[in-house]
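**Q** what follows is a protein structure lacking sequence information:
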């Protein structure tokens, strides 16, 4: 009723709990930050072969799907580059997380986030932007515009 949004950064193992919260608050507009903390290393263990996974790729996907089923949630495509080892990753390593979020939420409920300065754990901001450009390059131009700016401008009621 106050026109405020609720942005959540949550562990991937708690995505189903986030969906319950969202369902209980149907008049609140939510943003799921950082692709629900999807970890590219869960999709490509070669990025960190000795690291133990707290959440499998399939578990994360199921959680994202449950959250995305709630129509009052936007997904901020951000944060995931902080999970990869600097200089040892490629856009293809981030693509499974990004593409699943884009497909689950659809073109109208996603927007870009730079996640600076945390992104610097894995890449300079330019590296993250270039990787995302590569990942979405085959998607329609109007969907790319929505991701880069149009959806955020609308959601946050900003004017340019």
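**A** Nice, thanks for sending it over. Nothing here was measured: the structure is a model prediction, and the numbers come from that model. Numbering: from 1, shown residues only.

**Q** where along the chain do the strands fall?
**A** 5-8, 29-32, 73-77, 110-112 (DSSP state E).

**Q** compare the ones you listed and report which one is nearest to residue 95.
**A** strand 73-77 (11.6 Å; CB to CB). Heads up, the C-betas are built off the backbone N, CA and C, glycines and all.

**Q** quick one on the thing from earlier: with mean neighbour count and mean pLDDT added, can I get the strands of the chain in TSV?
**A** Below are the strands of the chain laid out as TSV (neighbours: other CB atoms under 10 Å; pLDDT from 0 to 100):
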stretch	mean neighbour count	mean pLDDT
strand 5-8	14	95
strand 29-32	21	97
strand 73-77	23	98
strand 110-112	22	98
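
**Q** list the buried residues for stretch 141-151?
**A** In terms of neighbour count (16 or more other CB atoms under 10 Å), stretch 141-151 has its buried residues at 143-144, 146-148, 150-151.

**Q** what does it contact?
**A** Residues outside stretch 141-151 that contact it (CB atoms under 8 Å, 6 or more residues apart in numbering): 74, 77, 102, 107-112, 136.

**Q** any chance of those residues in JSON lines with distance to residue 127 as columns?
**A** Shown next, in JSON lines, are the contacts of stretch 141-151 (distance: CB to CB, whole Å):
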{"residue": "74", "distance to residue 127": "24"}
{"residue": "77", "distance to residue 127": "15"}
{"residue": "102", "distance to residue 127": "19"}
{"residue": "107", "distance to residue 127": "24"}
{"residue": "108", "distance to residue 127": "27"}
{"residue": "109", "distance to residue 127": "26"}
{"residue": "110", "distance to residue 127": "20"}
{"residue": "111", "distance to residue 127": "19"}
{"residue": "112", "distance to residue 127": "14"}
{"residue": "136", "distance to residue 127": "15"}
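
**Q** appreciated, that's everything.
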